[in-house]
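1. Show me how the following folds:
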Amino acid sequence: MAFSFSPPSLTGLAPTLPRRARPSRLRLVCSASTAVSFDYKTYMAEKAAAVNKALDESVPVLFPELIHEAMRYSLLAGGKRVRPVLCLAACELVGGSPVSAMPSACAVEMIHTMSLIHDDLPCMDNDDLRRGVPTNHRVYGESIAVLAGDALLALAFERVAAATPSDLVPAARILRAVAELASRVGSRGLVAGQVADMAATGAAEPVGLDRLEYIHLNKTAALLEAAVVMGAVVGGGSDEQIERLGRYARCVGLLFQVVDDVLDVTKSSEELGKTAGKDLATDKTTYPKLIGLERSREFAAQLNREAKEQLAGFDPEKAAPLLFLADYIAFRQN
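-> Predicted coordinates:
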């Protein structure tokens, strides 16, 4: 899916808004005649707690203790759990049980954590801070950090294949979920985006918008798309529903990165919980660098609107979490 940027007449992106502008209960207008009241704080707290419990149980401290402790250090270090919550919400949207999607939700978070561990390594971004604490390699050393990421990657696929309840989800859906995840993690997804990003960083000529979009649709959006699509697959969604939710996720994934680029130049390390200004310091191509801060905010608003358009026609109450999560990503402060 490609996005062409043409600045819409919108007011900008929410990092410029004060925190009081974000109520704990939203009245989401889903159509001209339908509005749904949704308590997102309660929803997110309940889902995140369930995900954290499942993640904790999935990585017990076994021999050799060092590798499992390193895996747990990064996996359980906090975070908003946006990807697993998207997976659970998509499953429920198409009529599935969240129990069916929890292994997939955990798998996506494991792979996300793996990517963070590896991104922070000296051979990649060389970062010292992640989620407000020292990065994995700073605590356990580079060798163990590499192996912890590798172990989380393997465990992710094991969780989907072995822990998805077979009495609720047919084998064909489980197999499809595994394939959907694999296709978005390897050389046609997450890895492709990382390689293209590395090639573009510090290049003599800045990459264009098309290449920047390719980087972020693969490096960031692919895993968000995997989360949503896997949830819809194990939940029993139709091909049409899965495709629409995939388009929603691609918009949200690109939105996530545009907002990340904006925050990197407008927030401090303390506010972000990671090193601020890193993109500028490493001469990385970003949306603010290519099109400016204000146009980046306008593009984010456009992506948010397009993501929500993909949810039209779904049950408004069941779609409320996904509608909110689009806003949550757009309005986030770190």
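
2. Which neighbouring elements make contact with the top helix by length along the chain?
-> Criterion DSSP state H: the longest helix present in the chain is helix 239-266. The helices and strands touching helix 239-266, judged by 3 or more Cβ pairs under 8 Å, 6 or more residues apart in numbering; DSSP states H and E, are helix 82-93, helix 209-219, helix 221-234, helix 278-281, helix 287-291, helix 293-309, helix 316-331. C-beta here means a position set from N, CA and C on the backbone, and glycine is covered the same way.

3. Can you name the element that comes right after the first one?
-> Same thing as helix 82-93. Along the chain past helix 82-93, the next helix or strand (assigned with DSSP states H and E) turns out to be helix 98-119.

4. Now do that next one and helix 209-219, the angle between them.
-> Angle between the axes of helix 98-119 and helix 209-219 is 120 degrees (criterion: axes from the mean of the first three to the mean of the last three Cα atoms, to 10 degrees).

5. just checking, next helix/strand downstream of helix 98-119?
-> strand 129-130.

6. So in that sheet, which strands flank the helix or strand just after that following strand, and in what orientation?
-> Using DSSP H and E, the next helix or strand after strand 129-130 towards the C-terminus is strand 133-134. Note on strand 133-134: by DSSP bridges, its sheet partners are strand 129-130 (antiparallel).

7. Between helix 316-331 and the longest helix of the chain, find me the angle.
-> Using the same axes, to 10 degrees: helix 239-266 against helix 316-331 is 30 degrees.

8. buried ones in helix 239-266?
-> Across helix 239-266, burial judged by 16 or more other Cβ atoms under 10 Å covers 241-242, 244-264, 266.

9. Let me know whether residue 74 touches residue 137 as I believe.
-> No: the pair residue 74 / residue 137 is not scored as a contact, 10.1 Å apart, by Cβ atoms under 8 Å.

10. overlap in contacts of those two?
-> residue 117 (Cβ atoms under 8 Å, 6 or more residues apart in numbering).

11. shouldn't residue 246 be in contact with residue 225?
-> Yes: with contact defined as Cβ under 8 Å, residue 246 counts as touching residue 225 (5.6 Å).

12. sorry, back to before: would you mind putting the helices and strands packed on helix 239-266 into JSON lines with mean neighbour count alongside?
-> As requested, those are exported to JSON lines (neighbours: other Cβ atoms under 10 Å):
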{"stretch": "helix 82-93", "mean neighbour count": "27"}
{"stretch": "helix 209-219", "mean neighbour count": "20"}
{"stretch": "helix 221-234", "mean neighbour count": "29"}
{"stretch": "helix 278-281", "mean neighbour count": "14"}
{"stretch": "helix 287-291", "mean neighbour count": "19"}
{"stretch": "helix 293-309", "mean neighbour count": "20"}
{"stretch": "helix 316-331", "mean neighbour count": "21"}
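
13. ranking those helices by mean pLDDT, which is last?
-> Among the helices and strands packed on helix 239-266, helix 278-281 carries the lowest mean pLDDT, at a mean of 59.

14. give me the low-pLDDT residue ranges for the stretch 1-150 of the chain?
-> 1-36 (pLDDT under 70).

15. got a list of what residue 90 touches?
-> Taking Cβ under 8 Å, 6+ apart as the test, what residue 90 contacts is 101, 227, 228, 229, 230, 231, 232, 235, 237, 245, 322.

16. And for the first one, the neighbour number?
-> In other words, residue 101. By other Cβ atoms under 10 Å, 30 other residues sit near residue 101.

17. quick one: residue 284 and residue 129, what's the gap?
-> Going from residue 284 to residue 129 by Cβ to Cβ, to the nearest Å gives 17 Å.

18. and if you look at residue 225?
-> 28 Å.

19. tally of neighbours for residue 129?
-> Residues near residue 129, counting by other Cβ under 10 Å, number 18.

20. Same check on residue 74?
-> Residues near residue 74, counting by other Cβ under 10 Å: 26.

21. what comes into contact with the strand or helix carrying it?
-> Remark: residue 74 resides in helix 65-75, with elements defined by DSSP H and E. Residues outside helix 65-75 that contact it (Cβ under 8 Å, 6+ apart) are 55-56, 59-62, 109-110, 113, 116-117, 130, 136, 139-140, 144-145, 147-148, 151-152, 155.

22. before we move on, the earlier item: can you tell which of the helices and strands packed on helix 239-266 is closest to residue 167?
-> helix 221-234 (12.7 Å; Cβ to Cβ).

23. packing partners for the closest one?
-> helix 82-93, helix 98-119, helix 171-183, helix 190-200, helix 239-266.

24. Out of the ones you listed, which gets nearest to residue 212?
-> With respect to residue 212, and counting by Cβ to Cβ, the nearest of the helices and strands packed on helix 221-234 is helix 190-200 at 7.6 Å.
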